[in-house]
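J.: fold the following and give me the result.
(2 chains)
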Amino acid sequence: EAQVTQNPRYLITVTGKKLTVTCSQNMNHEYMSWYRQDPGLGLRQIYYSMNVEVTDKGDVPEGYKVSRKEKRNFPLILESPSPNQTSLYFCASSSSHGQGVVFGPGTRLLVL
Amino acid sequence: AQSVTQPDIHITVSEGASLELRCNYSYGATPYLFWYVQSPGQGLQLLLKYFSGDTLVQGIKGFEAEFKRSQSSFNLRKPSVHWSDAAEYFCAVGTDSWGKFQFGAGTQVVVTP
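T.: I've put the predicted structure just below:
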């Protein structure tokens, strides 16, 4: 089944404790992105990647890092999480063939 | 830079009634346009998309949307809503199909009996 997977789905952590949310897609898509969803703000793009080793900032990149060492994987790294990063995070992938964006199931993060 | 506006934060509609959700975008050229639906506690599902050609596009679950260049709009419609249509709907704009997208803030749809 074509899909985007994220892990973990739920995470509670404390301020300053580094964490990584993994994302993987099995559709051979070139493009991958991370979004955060907050009430009243919709989805805001954090980072996106056009291909292996090619990444760029989205609209809200502060406090996040990403890497794209393999085409299928696009982990999101929070080096020093803060409470304002409490949110619902979605990984997504898309191709140059214009099929739209395929989203993962989401990761709900709580930073205490 | 492109932007997306969904003027209605919340809409209440009776089951069986028609539904129209508004979406306006700002972009210099013809963008790629999408509508997504998010059911409670769920991820996002693509309803329909517009790239070019016929300005009235059909999607899944009986939804359709019309691209109006003169109004910079891409409104979503459904002739008769079902209780299962209660969800949050997001309009999205892409300047290419590659992966950089802007999403609207969403419209929450409540369906009453």
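J.: got a list of what A:Ala92 touches?
T.: A:Ala92 sits next to A:Val4, A:Met32, A:Ser33, A:Trp34, A:Tyr35, A:Val101, A:Val102, A:Phe103, A:Gly104, B:Gly99 when contact means C-beta atoms under 8 Å, 6 or more residues apart in numbering or on different chains. In short, each C-beta sits where N, CA and C put it, glycine included.
J.: which SSE is immediately downstream of the helix or strand containing it?
T.: Using DSSP states H and E, A:Ala92 maps to strand A:87-94. Once strand A:87-94 ends, the next helix or strand along the chain (criterion: DSSP H and E) is strand A:102-103.
J.: what residues of the helix or strand just after that next one count as buried?
T.: Once strand A:102-103 ends, the next helix or strand along the chain (criterion: DSSP H and E) is strand A:107-111. Buried residues in strand A:107-111, counting neighbours by 16 or more other C-beta atoms under 10 Å in any protein chain shown, are found at A:Thr107, A:Leu109, A:Val111.
J.: out of those, which is nearest to chain B?
T.: A:Thr107 (10.7 Å; C-beta to the nearest C-beta).
J.: who does the residue of chain A found nearest chain B bridge with?
T.: At 3.0 Å from chain B, A:Tyr31 is the closest residue in chain A, using C-beta to the nearest C-beta. A:Tyr31 has the following beta-bridge partners by DSSP bridges: A:Ser94.
J.: surely it meets A:Ser93?
T.: Yes: contact status for A:Tyr31 versus A:Ser93: in contact at 6.4 Å, counting by C-beta atoms under 8 Å.
J.: the more surrounded of these two?
T.: Set A:Tyr31 next to A:Ser93 and count neighbours by other C-beta atoms under 10 Å in any protein chain shown: A:Ser93 wins out with 28 against 24.
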